[in-house]
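*Asks:* Just the structure for this:
(2 chains)
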Amino acid sequence: MDKAKMKAGFQKYTMIIVLVLVTLFFTWGTQGKILYPQNINNLISQNAYVFVLATGMLLCILTGGNIDLSVGSVVCFVGALCGIFMENMKLPDGAAVILALVIGALIGAWQAFWIAYVRIPPFIVTLAGMLMFRGLSNVVLAGKTLPIKSEIFVKLFGGGANCYVPDFLGGKEGLNRVALALGIIVSVVYIVMTMHSYLNRKKNGYETGSVAGMYCKMAVIALVVLAVSFKLAQYKGIPTSLVWVLLVVLVYGYITSKTTVGRHFYAVGGNEKATKLSGINTNRVYFIAYTNMGFLAGLAGLLTIARMTSAQPTYGQNYEMDAIGSCFIGGASAYGGTGTVPGVIVGAVLMGIINQGMSIMGTDQNMQKVVKGAVLLAAVIFDVVSKRKSFIAK
Amino acid sequence: MARILLEMKNITKTFPGVKALDNVNLQVEEGEIHALVGENGAGKSTLMNVLSGVYPHGTYTGDIIYNGEICSFHDIKDSEAKGIVIIHQELALIPYMTIGENIFLGNERGKKFAINWDQTYGMAEKYTKQVGLSESPRTLIKDIGVGKQQLVEIAKALAKKARLLILDEPTSSLNESDSRALLDLMLKLKKEGMTCIIISHKLNEVSYVADKITVIRDGSTIETLRKGVDDLSEDRIIKGMVGREIADRFPKRNGVKIGEINMEIKNWTVYHPLYSERKVVDNVSMNVRKGEVVGISGLMGAGRTELAMSVFGKSYGTNISGSLLLNGKEVNLKSARDAIEHKLAYVTEDRKGDGLILSNAIKTNTTLANLKGVSSRGVINPDKEYAVAVEYKEKLRTKCPSVEQNVGNLSGGNQQKVLLAKWMFADPDVLILDEPTRGIDVGAKYEIYCIINDLVSAGKSVIMISSELPEVLGMSDRIYVMNEGRIAGELNAAEASQEKVMACILNSSKGE
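*Replies:* I've put the predicted structure just below:
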């Protein structure tokens, strides 16, 4: 029995264990450079778009392993439009941002309509979207690069040179107090919430699970949060893109785990017919998933042009693959119905660390792709095989 | 005494943590039909998997002596080479291939790189004739009914030169007349020298067809009953299966007051969703009262499920006409959501396909049809959800280690209880139960019947659709007989009998 429990626990936390091992490997391989504050900071700002897109992609994948191939092109198109609104049409930044996000959601809704109500396979619809919006990006930008000059916009969405949350607590050079404070607050809130829910369960006589395991998990998470915030404080503080990522992760983590709408996604992916007969509008679930994907692709588009301080018709290429890869590495099932936002974040961080580690080690660009592909395949093989007894399918 | 064709001696098979078979002995004589009966999980299928090499030699202990020699099969190919062919419960035919292609799948006629189609279809025809199938072997599988598909399976086994045919629940998805045809085919094959082992839950069929009945309980052989020597009545077999006498297969309802009409449908007509000129339900009128169990009997394809699903928020069919009255008020239910909100529940016959999310926990399945009941403003209260799941688990006595367990890991009977729990938690006034005891064992059936009784005692109405006549007769206050989409008769519990129900069906078919 204990052995079975160990195995179940091992399976549950495999990707975290892998993440630790990979981090250790690159710490060794880069002589510790990967843990420099600046690199931790880069890891977050460079991958902000992956976190955002992967979260949206998770909802699509949950509905039954359906992916959205168009996100890279939508990122580019919405980014391009936002640039045009601000730079060519001289709209106020706020208006341009809202308009861009609305357009992102509308693009999502356009594709979602065909997928949800007309039941065209998502692969086809989004493949078409991928071509169409890549083409349109070229058209609206006339094939040229559009520099983004609005400083406020870049600071708000960026991960560039000086896009950090201002240190209003007045820390000294080299130790950002806001970052530290945030880290401490997040840890404390997390611990209080966990304890509260534990005590509540105990009071009502519900199953609580292993207490030692809970304390362990709590300690590890609090420590990681504190460590990351300390590293960020040592550099320049909290990148503004991290704020967006946290916002998205928290909101969507909450929706998927705690709300009825979130439950509907899992139900549709688990068994669509049963879900429909349970009185849930399954068409609407698909519609929400893909509309939301468009919206988040729009947000990722803003993050992308802010980081690059320009809009180009080539941006966002292969972004969909990063997002899909993160989901599958993070434990989402290719058949739908399983997967969590925290899992996807672990997957995205793993991809990010591998990218960054190899870049610091100076690995050849092409080999980097090979390694990423191998990791994706290995993750999914592991996921599939660990769920059955034998390696070769019967 | 005929020659012993197969002897399984002291077979013991353990899975991690469970002893599935414990010193099982089985003797099958040449040319007999030998039935294996037992509750779900008793070990029947495991035993047959040992025999056919699904569990290879070495993973179990004991000997298989077939045709006088000790055999060690490493996979199904080995056992099939010796003429042991197993036909599984789930049909293994490919819908978009022809009958002939399916019969010789994996056993193709002709040379290695060139299939000889003339030979394939020529030989296929021989076998289809032998099993009494009139269709051309070039017909696609998807175009023939389930009963005929089962015959194709047998033809496929014959093509493999089967000497010992094992049928695992061959009639579980067939209607009465198809079942009878299949059983008669078994008797015919027996005359031609075939030896058969049949696993079945339907005891009337077993006593009709079998020469010997071996009862398995908890992984051990309990007894073997012989035709002509022992009593082969259903009650006698059940006693062996459960280890005690079941005094009454259907629990009594005492003093449940039948109140006023809860739900009524008038002139309900439904057309097929794809072939829109075909009437599936034709001008059906019926009602159910508070505290009443109404049975709907009829052959498969009589339109019972279609009727139920079309009533349940138009979940089936097109061009639905007629009126539906709940508590005397006419309502128009446009979706399953509407139906649930009007306190209607439809518990599907296909619990795995349409009922449960097998990859989800018991608790998530329990609350799926009534998430509002465990959430406020769209946010689920996990503690409340857990409490609800535990409450229903205890109420229905679902056997599971925890409500966090995945439904897919439960046995059929327990899955059915989870499905019932889900719909009971939706708090309906009228429950339509479609084949509520299909494929579950005697003990679990009894418990389901008790749950039905509790429901009507609480003033709910239950409509029970069932293909098992004894069940309909034993449980219902009133019975509607359906045939070819129409109501062929209405019988009171007191006057109903198997013969009367069948007579209703026959009369209505004649009236064409």
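*Asks:* give the contact list for the nearest residue to residue A:91 once chain neighbours are set aside.
*Replies:* Excluding its sequence neighbours, the residue lying closest to residue A:91 (Cβ to Cβ, 6 or more residues apart in numbering or on different chains) is residue A:85, at 4.6 Å. From N, CA and C alone the C-beta is placed, and that goes for glycine too. Going by Cβ atoms under 8 Å, 6 or more residues apart in numbering or on different chains, residue A:85 touches A:91, A:95-96, A:99-100.
*Asks:* Okay, and which of the residues you listed map to strands?
*Replies:* Of the contacts of residue A:85, none are assigned to strands by DSSP state E.
*Asks:* As JSON lines, those with neighbour count would be great.
*Replies:* Compiled in JSON lines, the contacts of residue A:85 are given as follows (neighbours: other Cβ atoms under 10 Å in any protein chain shown):
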{"residue": "A:91", "neighbour count": "16"}
{"residue": "A:95", "neighbour count": "12"}
{"residue": "A:96", "neighbour count": "22"}
{"residue": "A:99", "neighbour count": "18"}
{"residue": "A:100", "neighbour count": "25"}
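*Asks:* Provide the secondary structure category for the residue nearest to residue A:91.
*Replies:* helix (DSSP: H, G, I helix; E, B strand; the rest coil).
*Asks:* Return the distance of it relative to residue A:158.
*Replies:* 17 Å (Cβ to Cβ, to the nearest Å).
*Asks:* low-confidence ranges in the stretch 51-200 of chain A?
*Replies:* Scanning the stretch 51-200 of chain A for pLDDT under 70 picks out A:159-162, A:171-174.
*Asks:* how about the residues of it near chain B?
*Replies:* Counting by Cβ under 8 Å from any Cβ of the partner chain, the positions of the stretch 51-200 of chain A adjacent to chain B are residue A:200.
*Asks:* For the stretch 51-200 of chain A, which segments are assigned as strands?
*Replies:* A:146-147 (DSSP state E, counting those that start in this stretch).
*Asks:* Closest residue of it to chain B?
*Replies:* residue A:200 (6.6 Å; Cβ to the nearest Cβ).
*Asks:* for chain A, same thing?
*Replies:* residue A:270 (3.4 Å).
*Asks:* Tell me the confidence at the nearest residue to that residue once chain neighbours are set aside?
*Replies:* In this structure, residue A:270 finds its nearest non-sequential neighbour in residue B:357, 3.4 Å apart by Cβ to Cβ, 6+ apart. Looking at residue B:357, its pLDDT is 91.
*Asks:* how about residue A:268, what does it touch?
*Replies:* Taking Cβ under 8 Å, 6+ apart, one finds A:62-64, A:275, A:280, A:282, A:285-286, A:336 in contact with residue A:268.
*Asks:* most neighbours, which of those?
*Replies:* Greatest neighbour count in the contacts of residue A:268, by other Cβ atoms under 10 Å in any protein chain shown, goes to residue A:62: 28 neighbours.
*Asks:* Excluding chain neighbours, what is closest to that residue?
*Replies:* residue A:265 (4.3 Å).
*Asks:* so what's the one you found up against?
*Replies:* A:59, A:62-63, A:256, A:285, A:289.
*Asks:* In the sheet, which residues pair with residue B:323? Tell me.
*Replies:* residue B:266 (DSSP bridges).
*Asks:* and it, how many neighbours?
*Replies:* Neighbour count of residue B:323, defined by other Cβ under 10 Å: 13.
*Asks:* before we move on, the earlier item: which residues does the residue of chain A closest to chain B contact?
*Replies:* So residue A:270 contacts A:336-337, B:357-360 (Cβ under 8 Å, 6+ apart).
*Asks:* can you check residue B:383 too?
*Replies:* A:200-201, A:204, A:206.
*Asks:* quick check: mean pLDDT across stretch A:336-351?
*Replies:* Mean predicted confidence for stretch A:336-351 is 91.
*Asks:* What of stretch B:127-147?
*Replies:* 86.
*Asks:* ok, and the closest non-adjacent residue to the residue nearest in space to the middle of chain A?
*Replies:* Central residue of chain A (Cα atoms, centre = their mean): residue A:51, 2.0 Å from the mean position. Spatially, and ignoring its direct neighbours in sequence, residue A:51 is nearest to residue A:245 (4.5 Å; Cβ to Cβ, 6+ apart).
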